[in-house]
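[1] Just a sequence and a predicted model for now, questions to come.
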Amino acid sequence: QQPHDTLIATFICNTMTADTKKKEDEEEEIRSLIKLSKTPDLSGSDCWTTMTKLDLFQAGLSTLPSSLATLLPNLSILFCMKNKFKQIPEVIGQCPNLQMISFKSNQVESIHPNALQEQLRWLILTDNKIEELPSTIGRCTKLQKCMLSGNCLKALPLKISNCKNLELIRLASNKMTEPPIELLKLPNLAWVALSDNPFLDKVAGGATRGDLLLHLDVWEEDPTLDDPTIGVELGKGASGITRQHTTKIPPNAKKTISHVNYAAAAADNESIVVAVKEYFSNITSDGNPQEERKVSMVASSLETKSLIHVHGRTPKGNLIMELLTDYKVFANPPSLDSCSRDTYPPGSKCSETRAMAMVEELLKALMKLHQHGICHGDFYGHNILVSKDSTDDDDDDDDEKLHDETAVWLTDFGAAFFYEPSSDYGKLIQQAERRAFSHLLDEIQSLLPPTASACQDKIKSLSSECSSITFDELYQKWSELQ
């Protein structure tokens, strides 16, 4: 009897030792992972239960530990940008509170079906080699934002129709030969990027749009416009860099620059200050910067004052645009919490004059864009510029300054694309962009003072029609409301 009891005791002891060793190994894996991250060092495993964010940018990883979900149970945000993953690992789906994941710019070819679960709200897989989404994407009923640009997707699974809460999708620069109808039918979709896909090739290369590009003159007389070492940098984003230049107007110019006649100014040898945008060649989350360049050129020809005027092109194809001054961004971009909706600083307000002008000019711009088969794709308050208020200036002469509250500009065509407006998919694209417009109307309305009840009623009335009538009809309705 005693030898048998000894064997049992030895077995139990060995089992406990193995379990202890396994636990120690798992904890060491997580400890090593945290050391690779940009997360503040948490020395004790007791602290791991409070960790909600893990940033593993460029850490050389190709796998994640299987204990991730167990030892970091409250992990909500996981960034794995620029690593060596070839598959989105299964353990992702086992993390009960994981809402936002990014595997941007890896070598991902596939997604483990069980990596996609209900709790996911924000999925970033830009710039990979993914050829197919698993049908388990249909489990992601809370998904609001999905970034898939720069992959090899030829189609989407029908189960995408289950993602009823999806509001923003980025599918530019893939290999889709047919429009993703099931996706475009989603009831809350408002921000769509589809440029640089095969099913749009014929649309983007059409004769009409090709003719529109010809209205831009090439400014050959000033080679410094293409010199990256000259000019004042105004801003740099994922799609390119914009610099301020002072230049002479070339004799061959035909259009007008903000009330200045090209030919007359050229004859008088006048100089003007312009903004020159150099477009990068790399794929961004929104799409291909060269597609943005094409759309910007065409949009400039629509003679709408809320669309930034493009004066011409440099010999290298960079765009020469009007220089805006004394402006501010209308809204802040979405936060991690708001996910797909813009944010506004506490105390933000919008005057009745500004609100009426914004609705008028932005609706007109959207109407013109869609008449010419252009979807903006990123119609947000953070891509809208308005003139500064007197309170935004630091000068002592504020009271003497004149601020045009009716000035508004729609910017950032990074997600924009050409489409066929008369097609079935085209009508769905228009409907999605009208939802984005409706969201902005609701935000403007919320910023109005209580005394502007008549203005609030007009904007509310217009917003209620966005789901059922076209941009042309909306513009007619707005005219009737004045």
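    That came in fine, so what should we check first? What you see is a predicted model, and the numbers here were worked out from it, not measured in a lab.
[2] C-alpha only now, for contacts and for neighbours.
    Fine.
[3] how deep is residue 237 tucked in, by neighbour count?
    Applying other CA atoms under 10 Å, we find 10 other residues in the vicinity of residue 237.
[4] Where does residue 294 sit: helix, strand or coil?
    When classified by DSSP: H, G, I helix; E, B strand; the rest coil, residue 294 comes out as helix.
[5] show me what contacts residue 97?
    With contact set as CA atoms under 8 Å, 6 or more residues apart in numbering, residue 97 has these partners: 73-76, 119.
[6] Repeat that for residue 428.
    With contact taken as CA under 8 Å, 6+ apart, residue 428 is in contact with 184-185.
[7] doesn't it fall inside a helix?
    Yes: the assignment for residue 428 is a helix, going by three-state DSSP.
[8] I'd like the mean pLDDT over stretch 358-369, please.
    Averaged across stretch 358-369, the pLDDT comes to 97.
[9] would you put the C-alpha positions of it in CSV?
    Listed next in CSV are the C-alpha coordinates belonging to stretch 358-369 (Å, rounded to 0.1, in the frame of the first residue of the first chain):
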residue,chain,number,x,y,z
MET,A,358,-21.6,75.8,-43.5
VAL,A,359,-24.8,74.0,-44.4
GLU,A,360,-25.3,76.0,-47.6
GLU,A,361,-21.7,75.8,-48.8
LEU,A,362,-20.9,72.2,-47.8
LEU,A,363,-24.2,70.9,-49.2
LYS,A,364,-23.5,72.6,-52.4
ALA,A,365,-20.0,71.1,-52.5
LEU,A,366,-21.3,67.6,-51.9
MET,A,367,-24.0,68.1,-54.5
LYS,A,368,-21.4,69.1,-57.1
LEU,A,369,-19.0,66.4,-56.2
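[10] So which elements touch the helix or strand where residue 297 lies?
    Using DSSP states H and E, residue 297 sits in helix 289-299. Applying 3 or more CA pairs under 8 Å, 6 or more residues apart in numbering; DSSP states H and E, we find helix 289-299 packed against helix 207-213, strand 271-279, strand 417-418.
[11] Run through this protein and note the low-pLDDT ranges.
    Screening the chain residue by residue with the criterion pLDDT under 70, one finds the ranges 1-19, 39-46, 204-215, 253-267, 390-403.
[12] Show me where it has its helices.
    Shown for the chain, the helices assigned by DSSP state H span residues 2-36, 68-71, 181-184, 201-204, 207-213, 262-267, 289-299, 352-371, 424-447, 453-465, 471-481.
[13] so what's residue 77 bridging to?
    residue 53, residue 100 (DSSP bridges).
[14] how much space between it and residue 120?
    From residue 77 over to residue 120 the distance is 10 Å, taken as CA to CA, to the nearest Å.
[15] which residues are in contact with both of those two?
    Jointly contacting residue 77 and residue 120 under the rule CA under 8 Å, 6+ apart are 98-100.
[16] Of those, which is the most crowded?
    The most neighbours, when the shared contacts of residue 77 and residue 120 are compared by other CA under 10 Å, belong to residue 98, which has 24 neighbours.
[17] How about the contacts made by the spatially closest residue to that one that is not a sequence neighbour?
    Across the structure, with CA to CA, 6 or more residues apart in numbering as the measure, the residue nearest residue 98 apart from its sequence neighbours is residue 76 (4.0 Å). Shown here is residue 76, whose contacts under the criterion CA under 8 Å, 6+ apart are 52-53, 97-100.
[18] One more: residue 348?
    For residue 348, the contacting residues are residue 447, taking CA under 8 Å, 6+ apart as the criterion.
[19] Give me the phi and psi angles of it.
    Geometry field for residue 348 lists phi and psi as phi -60, psi 140, criterion degrees, to the nearest 10.
[20] how close does it sit to residue 112?
    Distance of residue 348 to residue 112, computed by CA to CA: 44 Å.
[21] what do you get for residue 373?
    Using CA to CA, we find residue 373 at a distance of 37 Å from residue 112.
[22] What of residue 190?
    If you go by CA to CA, the gap between residue 190 and residue 112 works out to 28 Å.
[23] the more surrounded of these two?
    The neighbour comparison of residue 190 against residue 112 (other CA under 10 Å) goes to residue 190, with 26 against 16.
[24] The more buried one against residue 430, yeah?
    No: counting by CA atoms under 8 Å, residue 430 is not a contact partner of residue 190; they are 9.4 Å apart.
[25] Mind listing the residues bridging to the closest residue to residue 320 other than its chain neighbours?
    Spatial nearest neighbour of residue 320, chain neighbours left out: residue 276 (4.6 Å); criterion: CA to CA, 6+ apart. For residue 276, the residues forming beta bridges with it (DSSP bridges) are residue 243, residue 320.
[26] Make 59 the first number, not 1, from now on.
    Renumbered: residue one is now 59, and that last one reads residue 334.
[27] Tell me how far residue 334 lies from residue 410.
    Counting by CA to CA, the gap between residue 334 and residue 410 amounts to 34 Å.
[28] ok, those two, which is more surrounded?
    Remark: of residue 334 and residue 410, residue 334 carries more neighbours, 27 against 21, as counted by other CA under 10 Å.
[29] Next, the contact list for that one, please.
    283, 300-303, 376-379.
[30] Please repeat the previous calculation with a cut-off of 10 Å.
    If a contact means CA atoms under 10 Å, 6 or more residues apart in numbering, then residue 334 has 283-284, 289, 291-292, 299-303, 368-372, 376-381 as its contacts.
[31] Mind checking which of those are in strands?
    Secondary structure defined by DSSP state E assigns 291-292, 299-303, 368-371, 377-380 of those to strands.
[32] higher neighbour count, residue 135 and residue 178?
    Just comparing residue 135 and residue 178: by other CA under 10 Å the higher neighbour count belongs to residue 178, 27 against 19.
[33] Look up how far residue 145 lies from the nearest residue to the more buried one once chain neighbours are set aside.
    Nearest in space to residue 178, with sequence neighbours left out and distances taken as CA to CA, 6+ apart, is residue 157 at 4.3 Å. In this structure, residue 157 and residue 145 are 19 Å apart, going by CA to CA.
[34] and if you look at residue 306?
    Distance from residue 306 to residue 145, counting by CA to CA: 54 Å.
[35] rewinding a little: give me the common contacts of residue 248 and residue 488.
    For the pair residue 248 and residue 488, residues contacting each of them under the criterion CA under 10 Å, 6+ apart are 242, 435, 494.
[36] what number of residues lie near the last one?
    Neighbour count of residue 494, defined by other CA under 10 Å: 25.
[37] what sits against it?
    With contacts defined as CA under 10 Å, 6+ apart, the neighbours of residue 494 are 225-226, 246-250, 399, 435-439, 488, 524.
[38] re earlier: mind giving me JSON lines with the contacts of residue 155 and columns for distance to residue 387?
    As requested, these are exported to JSON lines (distance: CA to CA, whole Å):
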{"residue": "131", "distance to residue 387": "38"}
{"residue": "132", "distance to residue 387": "35"}
{"residue": "133", "distance to residue 387": "33"}
{"residue": "134", "distance to residue 387": "30"}
{"residue": "177", "distance to residue 387": "33"}
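[39] so which of those is the most crowded?
    Within the contacts of residue 155, neighbour counts (other CA under 10 Å) peak at residue 133, which reaches 22 neighbours.
[40] Let me know whether that residue touches residue 151 as I believe.
    No: under the criterion of CA atoms under 10 Å, residue 133 makes no contact with residue 151, lying 11.7 Å away.
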